[in-house]
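1. predicted model, plus sequence, below.
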Amino acid sequence: MAKKQKRRLLLKLITNNAGPLKASWASLGFATALILILLSFPILETSSDAWVTEHGAGQGGYLLPPNLIKEGFFFAESKIPIERPDVHERIVEQLNYLLMDRRASVTEWFNMYALYGQMVSESLKKENIPLDLVYLSMLLSEFDPDHKTRSGGIGWWALGSTRDGSGKTGAPWFSSNDWDDRRDPEISTRIAAEILQGLRKKHEKEDWLILISAFIDGADKIDPIIKKSHGFSFWDIVAPPPSDSLIPRLIALKIIHQHRTFYCVTITQANHLAHDNLGKIKLAKDLALTLVAKWTGDVPRNIWLLNPGVNPLLGLLPKVDKRAPNGFPLRVPKGTGSNVKKLLQTDGYLNNQLQ
């Protein structure tokens, strides 16, 4: 309610109840009481502004951090024009969706990011992909290695058989009853990076937001839009519905993650999954994660957390498959790698293949 409306309503209330008010406030005097009440409105507004600054929310919902527009905000090497009213509105809408409708989920995503974020980010860095795209993985998979989408996507990047819309990504993956590359944080990120680099090569002059749109919706849907809208940014085109909402949501997710205190978002997971990476090993026979747990003095669940490409229902790192001749990766708790290598060798899992 606007300030003038509040004052008008208050004056009407006081006028209609002047008799009782005078009796009740005889000691103060009616005029003095009226002045105090009217003066309270600016005080309340100041208090509300302070609350907004501290907790990120106002009467209409959550707001952007106060200095964000002045300082500028970048996502995937692109400056986001949040000073534009239309862009500002789209990002704030997604900000409120995440903080009001999905707050519990967002908190869990950030906890999972604390565990796996370093693995995914390092893989993006190696493939020369902007690190901000880790938030794309977060939205597509909820940072859950076993996540499945309605369209059939699986794992960290919701990879399906037609991820780029053509069915010919040039980035195949291995999947069997025991193992799925799409559930492994490093392998799936390399696959996604290869697809993204292919889109980058095809559209060298477009920014990453357009390329992300092509990744989400398929190049076959984005290419015609690019041709018709040459020289326009993502914020100027009419993108397919998934991209139209998901990309502003990506921006909002990064803002929330970087301003967790401002939005009162608390995460409980503090440490990433410290591990020794043995790389891809060519096993002569299936290796049970329960056995690796005994070797390392850990529990099977923690070994699976390090190796989520393994089917959790079976818990077996598979032997070499002719479709995957280089074997499969194995990660073990930090400081146990050397001992695990020796045990793999002595127990006949490697046939002298691991040096």
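-> Everything's here; your move.

2. where does residue 278 land in three-state SS?
-> Recorded secondary structure, residue 278: strand (DSSP: H, G, I helix; E, B strand; the rest coil).

3. where does the stretch 151-300 of the chain have low pLDDT?
-> Applying pLDDT under 70 to the stretch 151-300 of the chain flags residues 161-171.

4. break down it into its helices, ranges please.
-> Taking DSSP state H, counting those that start in this stretch, the helices of the stretch 151-300 of the chain run over residues 185-202, 208-217, 219-228, 241-258, 289-296, 300-306.

5. which one of the ones you listed lies nearest to residue 77?
-> helix 208-217 (6.0 Å; Cβ to Cβ). Glycine gets a C-beta too; all of them are placed from N, C-alpha and C.

6. let me see the domain layout of the chain.
-> 3-55, 69-258, 275-346 (automatic domain parsing).

7. read off the pLDDT value for residue 353.
-> At residue 353, the model reports a pLDDT of 51.

8. who touches the residue nearest to residue 311 when sequence neighbours are not counted in this structure?
-> Spatial nearest neighbour of residue 311, excluding adjacent residues (Cβ to Cβ, 6 or more residues apart in numbering): residue 178 at 5.4 Å. By Cβ atoms under 8 Å, 6 or more residues apart in numbering, the contact set of residue 178 is 286, 310-311, 314, 316-318.

9. okay, residue 178 and residue 289: tell me how far apart.
-> Distance, residue 178 to residue 289, by Cβ to Cβ, to the nearest Å: 11 Å.

10. one more: residue 262?
-> Distance from residue 262 to residue 289, by Cβ to Cβ: 40 Å.

11. settle it for me: which of these two has more neighbours?
-> A count of neighbours by other Cβ atoms under 10 Å puts residue 289 above the other of residue 262 and residue 289, at 23 against 20.

12. quick one on the thing from earlier: got any residues that touch both of residue 178 and residue 289?
-> 310, 316-317.

13. adding secondary structure, distance to residue 213 and pLDDT, write those residues out as CSV.
-> Formatted as CSV, the shared contacts of residue 178 and residue 289 follow (DSSP: H, G, I helix; E, B strand; the rest coil; distance: Cβ to Cβ, whole Å; pLDDT from 0 to 100):
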residue, secondary structure, distance to residue 213, pLDDT
310, strand, 33, 97
316, strand, 39, 97
317, strand, 37, 97
